[in-house]
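Student: I'll drop the sequence and a predicted model, then ask my questions.
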Amino acid sequence: MSHETPTPQPTAAPRKPWRRIAIATLVAGAVAGLGFKAYAHGGPWGGGCGARGWHASHGPGAMDPEAMKRRTDGMVRWMLADVNATEAQQERITAIVSATMTELAPLRQKHFEARKQAAEILSKPSVDRAALETLRTQEMAAADQVSKRITQSIADAADVLSPDQRAQLVERMQRMRGRWPS
């Protein structure tokens, strides 16, 4: 009789609040829960992490409205492929995601400007702590606004899908999450 000691499974690292904030600021490029982690690895709308992939959509003014529409359409179709969403459902969810991205675009631009401001503050001989705190407060307020809008969009998109489709989508997202660190 063989006595094997079970191999301990790694425990999930505790979530860090700053990660949520960072993700929320990126959501202007891709709505949370609809594949923003996946598009770094390709997908039907383009590219991976190469010169025209992930980084091509980041930065102020980097994505024109037509490119944003193509990316949104591809992202939605890719995420909904396994849940048998109808063409009408895909179109409705694409419209929800597009509206969210358009609405959040000014906040995305402000975020990039805030990053420049932070770099300027930190590059001076003396760090202005009050200015950094003001910038942090503004960024937290913007992140909260983004988070609220994304939550609204997720709920709106969920209303378009049947309970079974939502369950399938959640299952798919959990499988995807296993491929990338949380």
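Tutor: That came through fine. Just so it is clear, the structure is predicted and the values come from calculations on it, not from any experiment.

Student: which residues touch Ser98?
Tutor: Met68, Lys69, Thr72 (Cβ atoms under 8 Å, 6 or more residues apart in numbering). Backbone N, C-alpha and C define where each C-beta goes, glycine included.

Student: want to try TSV for those residues, with secondary structure, distance to Gln152 and neighbour count as columns?
Tutor: Listed next are these as TSV, based on DSSP: H, G, I helix; E, B strand; the rest coil; distance: Cβ to Cβ, whole Å; neighbours: other Cβ atoms under 10 Å:
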residue	secondary structure	distance to Gln152	neighbour count
Met68	helix	19	20
Lys69	helix	20	16
Thr72	helix	16	25
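
Student: Generate TSV for those residues, with distance to Arg172 and pLDDT as supplementary columns.
Tutor: Shown next, in TSV, are the contacts of Ser98 (distance: Cβ to Cβ, whole Å; pLDDT from 0 to 100):
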residue	distance to Arg172	pLDDT
Met68	24	79
Lys69	23	81
Thr72	18	85
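
Student: could those be laid out in JSON lines, adding distance to Val97?
Tutor: Putting the contacts of Ser98 into JSON lines (distance: Cβ to Cβ, whole Å) gives the following:
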{"residue": "Met68", "distance to Val97": "10"}
{"residue": "Lys69", "distance to Val97": "10"}
{"residue": "Thr72", "distance to Val97": "5"}
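
Student: Nearest to Gln165 among those?
Tutor: Thr72 (18.9 Å; Cβ to Cβ).

Student: all helices for the protein, in order.
Tutor: 17-26, 65-80, 87-123, 129-160, 163-177 (DSSP state H).

Student: gap between Ala167 and Ala158?
Tutor: 11 Å (Cβ to Cβ, to the nearest Å).

Student: and what of Arg92?
Tutor: Taken as Cβ to Cβ, the span from Arg92 to Ala158 is 12 Å.
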